[in-house]
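Trainee: Output the structure for:
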Amino acid sequence: MLRTILRSGVSSLLCLVAAGCLYSMSSGGGFPSHVKSMAVIPFENETPSPELSQELQQELRKSLTSRLGLRDAPESRATAIVRGTITKYETDVPVGFSADPGRATSSRRKLQLVVDIEIVDKTTGKTLYERTGVSAEGEYAEREEALGRKAAIQRLVNEIIEGAQSQW
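Mentor: Residues are numbered from 1 along each chain as shown. From the prediction side, this is the model:
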């Protein structure tokens, strides 16, 4: 009797593991099954930093393919479009200061990046994900703004992907 219970338990466990593997291998990260590719359109940039649009586009492309299992495609062949607007890029927000009271030099700074984003299913025309005011921050040492921007972009992309996955 104990062997029967153990076999049944092991069989149930194997079925759950197999079902979990099949679920995680599905493409699109929770998007409709026909969404297999995405085109990331350069974001409209309302900030004075022209490099932001390209850096965000590259990170989104890389993350959408690696984390959601979607193919990168040109807009004409993609089954979904990712587009948006960079609405805010604020830098040089002091975070930490020098321990020397005679110096007013800040040692750590923070920047904030805010975007509006939309992911649209080209087949149906339906909006799969839309959010305004998605923001992320990045800290950096003085004169190393690019490192803080990279960290903020990565956080922003993570938030976008997690938000899009939670929609389905």
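Trainee: K36 contacts T79, doesn't it?
Mentor: Yes. Contact criterion C-beta atoms under 8 Å: K36 and T79 qualify, at 5.6 Å. Using the backbone N, CA and C atoms, a C-beta is placed for each residue, glycine as well.
Trainee: Looking at the two, which is more packed in?
Mentor: Legend: neighbour count by other C-beta atoms under 10 Å for K36 and T79, higher for T79 (20 against 16).
Trainee: and that one, what is it in contact with?
Mentor: T79 is in contact with 34-38, 73, 121-123, counting by C-beta atoms under 8 Å, 6 or more residues apart in numbering.
Trainee: rerun at 10 Å
Mentor: With contact taken as C-beta atoms under 10 Å, 6 or more residues apart in numbering, T79 is in contact with 28, 31-32, 34-39, 70-71, 73, 121-124.
Trainee: wait, doesn't I86 sit right on L56?
Mentor: Yes. The criterion here is C-beta atoms under 10 Å, and I86 meets it with L56 at 6.8 Å.
Trainee: where does this structure dip in pLDDT?
Mentor: Applying pLDDT under 70 to the chain picks out residues 1-29, 94-106, 167-168.
Trainee: thought E51 was touching P42?
Mentor: No. E51 lies out of contact with P42 (C-beta under 10 Å); the separation is 11.7 Å.
Trainee: can you pull out the helices in the protein?
Mentor: 2-24, 51-68, 145-166 (DSSP state H).
Trainee: Compute the distance between the closest residue to A146 other than its chain neighbours and A152, please.
Mentor: Of all residues not flanking A146 in the chain, Y140 sits nearest, at 7.9 Å (C-beta to C-beta, 6 or more residues apart in numbering). Taking C-beta to C-beta, to the nearest Å as the measure, Y140 falls 9 Å from A152.
Trainee: Find the residues that touch each one of these two.
Mentor: Residues touching both Y140 and A152 (C-beta under 10 Å, 6+ apart): 91, 110-111.
Trainee: Considering those residues, which possesses the most neighbours?
Mentor: Going by other C-beta under 10 Å, L111 tops those with 20 neighbours.
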